[in-house]
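**Student:** Pasting a predicted model and its sequence here:
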Amino acid sequence: MNWRKIKTVLILLLAAVNIYLLVVLISQYQVGSTVGVPEMKAALKLLEKDGIRVGEDVLSGKKPYYRVWQSDYDSDRRAQLLARIFGAEAAAEAGMHLTGEGLELSLAGIGVVRFTDSSPFLLKFTADGCTYAGEYDELLSSAEKLPDGIKRCGWLRRKDLGKKLEQFLSGSVPGAETGAPIPAKIADIDVDSAIYLSSERLYIARFTQLAEGCAIEGSGGIFAVRAELVLYTDASIIWLSNPEYYTAALLDEINILFRERDHILAQSPADDRDKASEILVTGIEPVYCVNWNADLSDFYLIPSWNISYSDGSKRTRNAVNGSLVGG
(Lines give C-alpha, C1' and ligand atoms only; values in the text may rest on other atoms or scores of the structure.)
Protein backbone atom coordinates (compact mmCIF):
# COMPACT_ATOMS: atom_id res chain seq x y z
CA MET A 1 0.00 0.00 0.00
CA ASN A 2 1.41 3.41 -1.04
CA TRP A 3 0.83 5.55 2.07
CA ARG A 4 2.34 8.63 0.44
CA LYS A 5 -0.31 8.63 -2.28
CA ILE A 6 -3.07 7.96 0.25
CA LYS A 7 -1.82 10.86 2.39
CA THR A 8 -1.79 13.15 -0.63
CA VAL A 9 -5.34 12.13 -1.58
CA LEU A 10 -6.59 12.73 1.96
CA ILE A 11 -4.99 16.18 2.04
CA LEU A 12 -6.62 17.07 -1.28
CA LEU A 13 -9.99 15.79 -0.05
CA LEU A 14 -9.73 17.84 3.15
CA ALA A 15 -8.75 20.92 1.13
CA ALA A 16 -11.74 20.38 -1.19
CA VAL A 17 -14.09 20.01 1.81
CA ASN A 18 -12.73 23.22 3.35
CA ILE A 19 -13.18 25.12 0.10
CA TYR A 20 -16.73 23.80 -0.21
CA LEU A 21 -17.57 24.84 3.35
CA LEU A 22 -16.07 28.28 2.73
CA VAL A 23 -18.19 28.74 -0.40
CA VAL A 24 -21.30 27.65 1.53
CA LEU A 25 -20.56 30.11 4.37
CA ILE A 26 -19.96 32.97 1.94
CA SER A 27 -23.17 32.23 0.03
CA GLN A 28 -25.16 32.01 3.27
CA TYR A 29 -23.70 35.33 4.42
CA GLN A 30 -24.60 36.98 1.12
CA VAL A 31 -28.15 35.63 1.28
CA GLY A 32 -28.56 36.79 4.87
CA SER A 33 -26.93 40.21 4.45
CA THR A 34 -28.34 41.34 1.10
CA VAL A 35 -31.64 41.60 -0.70
CA GLY A 36 -31.70 39.30 -3.73
CA VAL A 37 -31.58 40.94 -7.16
CA PRO A 38 -34.89 39.35 -8.33
CA GLU A 39 -36.64 40.51 -5.15
CA MET A 40 -35.23 44.00 -5.54
CA LYS A 41 -36.31 44.27 -9.19
CA ALA A 42 -39.81 43.09 -8.31
CA ALA A 43 -40.06 45.60 -5.48
CA LEU A 44 -38.87 48.46 -7.69
CA LYS A 45 -41.52 47.60 -10.28
CA LEU A 46 -44.22 47.72 -7.62
CA LEU A 47 -42.94 51.05 -6.34
CA GLU A 48 -42.80 52.50 -9.85
CA LYS A 49 -46.34 51.29 -10.49
CA ASP A 50 -47.43 53.38 -7.50
CA GLY A 51 -45.44 56.40 -8.64
CA ILE A 52 -42.18 56.02 -6.71
CA ARG A 53 -39.16 55.88 -8.99
CA VAL A 54 -35.72 55.11 -7.62
CA GLY A 55 -32.59 56.47 -9.26
CA GLU A 56 -29.89 54.17 -10.57
CA ASP A 57 -27.31 52.97 -8.03
CA VAL A 58 -29.36 54.43 -5.16
CA LEU A 59 -30.01 51.09 -3.49
CA SER A 60 -27.11 49.13 -2.06
CA GLY A 61 -29.13 45.97 -1.49
CA LYS A 62 -27.46 45.52 1.91
CA LYS A 63 -29.51 44.69 4.96
CA PRO A 64 -28.76 46.95 7.94
CA TYR A 65 -27.09 45.42 11.00
CA TYR A 66 -26.82 48.29 13.47
CA ARG A 67 -27.50 48.19 17.18
CA VAL A 68 -29.71 50.49 19.23
CA TRP A 69 -27.60 52.35 21.79
CA GLN A 70 -28.79 53.69 25.13
CA SER A 71 -26.93 56.28 27.23
CA ASP A 72 -27.49 58.03 30.54
CA TYR A 73 -27.86 61.80 30.54
CA ASP A 74 -27.19 63.14 34.04
CA SER A 75 -28.54 66.45 35.27
CA ASP A 76 -25.03 67.65 36.17
CA ARG A 77 -23.57 66.48 32.87
CA ARG A 78 -22.12 69.87 31.99
CA ALA A 79 -20.08 70.01 35.19
CA GLN A 80 -18.88 66.48 34.54
CA LEU A 81 -17.81 67.34 31.00
CA LEU A 82 -15.87 70.38 32.18
CA ALA A 83 -14.12 68.25 34.78
CA ARG A 84 -13.41 65.58 32.20
CA ILE A 85 -11.94 67.90 29.58
CA PHE A 86 -10.24 70.59 31.65
CA GLY A 87 -9.79 68.94 35.04
CA ALA A 88 -11.84 68.98 38.24
CA GLU A 89 -9.99 71.92 39.78
CA ALA A 90 -10.47 74.21 36.77
CA ALA A 91 -14.14 73.23 36.54
CA ALA A 92 -14.75 73.89 40.23
CA GLU A 93 -13.22 77.37 40.03
CA ALA A 94 -14.94 78.41 36.79
CA GLY A 95 -16.67 81.77 36.80
CA MET A 96 -20.24 81.30 35.68
CA HIS A 97 -23.02 83.56 34.43
CA LEU A 98 -26.23 83.15 32.47
CA THR A 99 -26.60 84.37 28.90
CA GLY A 100 -29.56 84.72 26.57
CA GLU A 101 -28.70 81.34 25.06
CA GLY A 102 -27.77 79.42 28.19
CA LEU A 103 -24.63 79.33 30.31
CA GLU A 104 -21.12 80.78 29.98
CA LEU A 105 -18.17 79.65 32.09
CA SER A 106 -14.74 81.27 32.28
CA LEU A 107 -11.88 78.92 33.14
CA ALA A 108 -8.82 80.78 34.40
CA GLY A 109 -5.85 80.38 32.08
CA ILE A 110 -7.85 78.14 29.73
CA GLY A 111 -10.68 79.99 28.01
CA VAL A 112 -14.45 80.33 27.83
CA VAL A 113 -16.98 77.52 27.49
CA ARG A 114 -20.57 78.10 26.45
CA PHE A 115 -23.56 75.77 26.70
CA THR A 116 -26.95 76.46 25.16
CA ASP A 117 -30.37 75.51 26.49
CA SER A 118 -31.65 74.73 22.99
CA SER A 119 -29.17 71.89 22.39
CA PRO A 120 -28.10 69.49 25.16
CA PHE A 121 -25.01 68.41 23.19
CA LEU A 122 -23.71 71.76 21.92
CA LEU A 123 -20.26 72.69 23.22
CA LYS A 124 -18.74 76.06 22.35
CA PHE A 125 -15.18 76.67 23.48
CA THR A 126 -12.74 79.49 22.78
CA ALA A 127 -9.27 79.25 24.28
CA ASP A 128 -7.51 82.26 25.76
CA GLY A 129 -5.76 84.14 22.96
CA CYS A 130 -7.79 82.51 20.18
CA THR A 131 -9.38 85.10 17.88
CA TYR A 132 -11.13 82.70 15.53
CA ALA A 133 -14.91 83.16 15.54
CA GLY A 134 -16.15 81.11 12.60
CA GLU A 135 -15.31 83.52 9.76
CA TYR A 136 -13.85 80.78 7.53
CA ASP A 137 -16.43 78.07 8.24
CA GLU A 138 -18.12 78.48 4.84
CA LEU A 139 -14.88 77.65 3.01
CA LEU A 140 -15.11 74.10 4.36
CA SER A 141 -18.17 73.49 2.17
CA SER A 142 -16.99 75.49 -0.85
CA ALA A 143 -15.87 73.72 -4.01
CA GLU A 144 -14.36 76.92 -5.42
CA LYS A 145 -10.70 77.83 -5.39
CA LEU A 146 -9.54 78.97 -1.97
CA PRO A 147 -8.03 82.43 -1.38
CA ASP A 148 -4.26 82.81 -1.30
CA GLY A 149 -2.71 81.66 1.96
CA ILE A 150 -5.40 79.01 2.55
CA LYS A 151 -5.10 75.42 1.41
CA ARG A 152 -7.16 72.27 1.72
CA CYS A 153 -5.93 69.41 3.88
CA GLY A 154 -5.57 65.86 2.64
CA TRP A 155 -6.87 62.67 4.17
CA LEU A 156 -3.87 62.04 6.44
CA ARG A 157 -3.97 65.52 7.93
CA ARG A 158 -7.74 65.30 8.46
CA LYS A 159 -7.22 61.98 10.25
CA ASP A 160 -4.61 63.57 12.48
CA LEU A 161 -6.89 66.51 13.28
CA GLY A 162 -9.63 64.07 14.24
CA LYS A 163 -7.25 62.43 16.72
CA LYS A 164 -6.43 65.84 18.19
CA LEU A 165 -10.12 66.50 18.77
CA GLU A 166 -10.62 63.06 20.33
CA GLN A 167 -7.71 63.71 22.71
CA PHE A 168 -9.16 67.09 23.63
CA LEU A 169 -12.63 65.69 24.32
CA SER A 170 -11.28 62.71 26.24
CA GLY A 171 -9.38 65.05 28.56
CA SER A 172 -6.21 64.46 30.54
CA VAL A 173 -7.77 63.73 33.91
CA PRO A 174 -8.65 60.07 34.67
CA GLY A 175 -12.22 59.52 35.78
CA ALA A 176 -11.22 58.38 39.24
CA GLU A 177 -9.71 61.80 39.97
CA THR A 178 -12.85 63.80 39.23
CA GLY A 179 -14.79 62.20 42.07
CA ALA A 180 -17.90 61.79 39.92
CA PRO A 181 -19.14 59.55 37.12
CA ILE A 182 -18.08 60.76 33.70
CA PRO A 183 -19.10 60.03 30.12
CA ALA A 184 -17.51 56.74 29.20
CA LYS A 185 -17.18 56.98 25.45
CA ILE A 186 -17.23 59.54 22.67
CA ALA A 187 -18.64 58.45 19.34
CA ASP A 188 -15.99 58.23 16.62
CA ILE A 189 -14.80 61.44 14.96
CA ASP A 190 -14.83 61.73 11.16
CA VAL A 191 -13.22 64.90 9.77
CA ASP A 192 -14.63 65.34 6.26
CA SER A 193 -13.12 68.73 5.42
CA ALA A 194 -10.24 70.86 6.69
CA ILE A 195 -8.28 73.95 5.64
CA TYR A 196 -5.01 75.51 6.80
CA LEU A 197 -4.57 79.27 7.31
CA SER A 198 -0.85 79.76 6.77
CA SER A 199 -0.78 83.35 8.10
CA GLU A 200 -2.27 82.23 11.43
CA ARG A 201 -0.84 78.70 11.43
CA LEU A 202 -4.35 77.53 12.20
CA TYR A 203 -6.27 74.49 11.00
CA ILE A 204 -10.05 74.77 10.67
CA ALA A 205 -11.91 71.48 10.35
CA ARG A 206 -15.45 70.17 10.06
CA PHE A 207 -16.46 66.82 11.49
CA THR A 208 -19.34 64.48 12.09
CA GLN A 209 -19.61 61.64 14.58
CA LEU A 210 -20.08 57.98 13.79
CA ALA A 211 -21.44 55.02 15.73
CA GLU A 212 -20.54 51.64 14.24
CA GLY A 213 -19.40 53.50 11.12
CA CYS A 214 -22.80 55.18 10.69
CA ALA A 215 -23.21 58.97 10.91
CA ILE A 216 -25.14 60.40 13.86
CA GLU A 217 -27.73 62.90 12.65
CA GLY A 218 -27.24 66.37 14.14
CA SER A 219 -23.78 65.67 15.53
CA GLY A 220 -20.53 67.38 14.63
CA GLY A 221 -19.52 70.90 13.77
CA ILE A 222 -16.37 73.02 13.55
CA PHE A 223 -13.12 73.05 15.50
CA ALA A 224 -9.77 74.79 15.21
CA VAL A 225 -6.25 73.52 16.01
CA ARG A 226 -2.94 75.31 16.36
CA ALA A 227 0.33 73.77 17.52
CA GLU A 228 -1.37 70.45 18.32
CA LEU A 229 -3.94 72.13 20.60
CA VAL A 230 -7.68 72.51 20.08
CA LEU A 231 -8.43 76.22 20.52
CA TYR A 232 -12.02 76.44 19.36
CA THR A 233 -15.12 74.26 19.07
CA ASP A 234 -18.64 75.01 17.93
CA ALA A 235 -20.21 71.60 17.70
CA SER A 236 -22.80 69.15 18.96
CA ILE A 237 -20.84 66.32 20.54
CA ILE A 238 -22.28 62.97 21.54
CA TRP A 239 -20.90 61.39 24.72
CA LEU A 240 -22.18 57.94 25.63
CA SER A 241 -22.41 57.58 29.40
CA ASN A 242 -22.72 54.02 30.75
CA PRO A 243 -23.63 52.89 27.24
CA GLU A 244 -25.71 49.79 26.65
CA TYR A 245 -27.03 48.34 23.43
CA TYR A 246 -29.58 45.89 22.16
CA THR A 247 -30.29 44.42 18.78
CA ALA A 248 -33.53 44.74 16.85
CA ALA A 249 -34.82 43.63 13.48
CA LEU A 250 -34.32 46.59 11.16
CA LEU A 251 -36.26 47.56 8.06
CA ASP A 252 -34.10 47.50 4.94
CA GLU A 253 -34.12 50.02 2.07
CA ILE A 254 -36.98 48.32 0.23
CA ASN A 255 -39.22 48.12 3.29
CA ILE A 256 -38.56 51.78 4.10
CA LEU A 257 -39.44 52.81 0.54
CA PHE A 258 -42.75 50.97 0.79
CA ARG A 259 -43.44 52.92 3.98
CA GLU A 260 -42.67 56.06 2.02
CA ARG A 261 -45.02 54.97 -0.74
CA ASP A 262 -47.85 54.46 1.76
CA HIS A 263 -47.18 57.88 3.28
CA ILE A 264 -47.08 59.67 -0.09
CA LEU A 265 -50.25 58.02 -1.34
CA ALA A 266 -52.05 58.77 1.91
CA GLN A 267 -51.05 62.43 1.63
CA SER A 268 -52.20 62.72 -2.00
CA PRO A 269 -55.88 63.01 -2.90
CA ALA A 270 -57.06 60.23 -5.21
CA ASP A 271 -57.54 62.69 -8.09
CA ASP A 272 -53.98 63.97 -7.78
CA ARG A 273 -52.15 60.67 -7.52
CA ASP A 274 -51.02 60.87 -11.14
CA LYS A 275 -48.61 63.56 -9.94
CA ALA A 276 -46.75 60.88 -8.00
CA SER A 277 -45.09 59.87 -11.25
CA GLU A 278 -42.88 62.90 -10.82
CA ILE A 279 -41.43 61.58 -7.56
CA LEU A 280 -37.82 60.35 -7.83
CA VAL A 281 -35.75 58.98 -4.95
CA THR A 282 -32.18 60.18 -5.40
CA GLY A 283 -30.60 58.85 -2.23
CA ILE A 284 -31.14 56.64 0.79
CA GLU A 285 -28.50 56.46 3.50
CA PRO A 286 -28.33 54.84 6.95
CA VAL A 287 -28.03 57.24 9.88
CA TYR A 288 -28.33 57.21 13.65
CA CYS A 289 -30.93 59.55 15.15
CA VAL A 290 -31.11 60.71 18.75
CA ASN A 291 -34.29 59.91 20.66
CA TRP A 292 -35.05 60.79 24.29
CA ASN A 293 -37.03 59.06 26.99
CA ALA A 294 -39.93 60.86 28.70
CA ASP A 295 -37.99 62.48 31.56
CA LEU A 296 -34.86 63.23 29.47
CA SER A 297 -32.69 61.09 31.74
CA ASP A 298 -31.64 58.78 28.90
CA PHE A 299 -31.19 59.12 25.19
CA TYR A 300 -31.00 56.53 22.43
CA LEU A 301 -29.17 56.27 19.14
CA ILE A 302 -31.75 54.74 16.80
CA PRO A 303 -30.77 53.30 13.39
CA SER A 304 -32.70 55.19 10.72
CA TRP A 305 -32.80 55.93 6.99
CA ASN A 306 -32.36 59.34 5.35
CA ILE A 307 -34.34 59.50 2.09
CA SER A 308 -33.63 62.23 -0.48
CA TYR A 309 -35.84 63.29 -3.40
CA SER A 310 -35.12 65.03 -6.69
CA ASP A 311 -37.02 68.13 -5.57
CA GLY A 312 -34.52 68.62 -2.75
CA SER A 313 -36.78 67.38 0.01
CA LYS A 314 -35.66 64.83 2.58
CA ARG A 315 -37.32 62.59 5.11
CA THR A 316 -35.93 60.37 7.83
CA ARG A 317 -37.54 57.13 8.97
CA ASN A 318 -36.86 55.01 12.02
CA ALA A 319 -35.40 51.68 10.84
CA VAL A 320 -36.89 49.83 13.83
CA ASN A 321 -40.55 50.66 13.31
CA GLY A 322 -40.63 52.71 10.11
CA SER A 323 -42.06 55.86 11.70
CA LEU A 324 -41.09 59.33 10.55
CA VAL A 325 -38.40 61.02 12.59
CA GLY A 326 -39.32 64.56 13.59
CA GLY A 327 -42.65 64.43 11.87
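**Tutor:** Structure's in. What do you need? Numbers count the residues shown, from 1 in each chain.
**Student:** And the host helix or strand of K164, how far out from the chain middle?
**Tutor:** Assigned by DSSP states H and E, K164 falls within helix 155-170. Mean-position distance between helix 155-170 and its chain equals 16 Å (Cα atoms, centre = their mean, to the nearest Å).
**Student:** ok, residues contacting it?
**Tutor:** Contacts with helix 155-170, where a contact means Cβ atoms under 8 Å, 6 or more residues apart in numbering, come from 84-85, 153, 186, 189-194, 196, 203, 205, 207, 223, 225, 228-230, 233, 237, 239. From N, CA and C alone the C-beta is placed, and that goes for glycine too.
**Student:** Give me the buried subset of these.
**Tutor:** Buried members of the contacts of helix 155-170, scored by 16 or more other Cβ atoms under 10 Å, are 84-85, 153, 186, 189-191, 193-194, 196, 203, 205, 207, 223, 225, 230, 233, 237, 239.
**Student:** which secondary structure elements does the longest strand along the chain contact?
**Tutor:** As assigned by DSSP state E, the longest strand anywhere in the chain is strand 279-292. Judged by 3 or more Cβ pairs under 8 Å, 6 or more residues apart in numbering; DSSP states H and E, strand 279-292 is in contact with strand 52-54, strand 214-215, helix 253-267, strand 298-309, strand 314-318.
**Student:** Find the residue at the geometric middle of this protein.
**Tutor:** Nearest residue to the geometric centre of the chain (Cα atoms, centre = their mean): A215, 1.9 Å.
**Student:** What distance do you get for it to W305?
**Tutor:** For A215, the distance to W305 equals 12 Å [Cβ to Cβ, to the nearest Å].
**Student:** shared neighbours of the two, which are they?
**Tutor:** In contact with both A215 and W305: E285, V287, using Cβ under 8 Å, 6+ apart.
**Student:** residue ranges of the helices in the stretch 101-250 of the chain, please?
**Tutor:** 155-170, 175-178 (DSSP state H, counting those that start in this stretch).
**Student:** would you list these in CSV and tack on distance to A248 and mean neighbour count?
**Tutor:** Shown next, in CSV, are these (distance: least, Cβ to Cβ, whole Å; neighbours: other Cβ atoms under 10 Å):
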stretch, distance to A248, mean neighbour count
helix 155-170, 29, 16
helix 175-178, 30, 13
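**Student:** and N321, which of those is closest to it?
**Tutor:** Minimum separation from N321 across the helices of the stretch 101-250 of the chain (Cβ to Cβ) falls at helix 155-170, 32.2 Å.
**Student:** Could you give the average pLDDT over that closest one?
**Tutor:** Helix 155-170 shows a mean pLDDT of 94.
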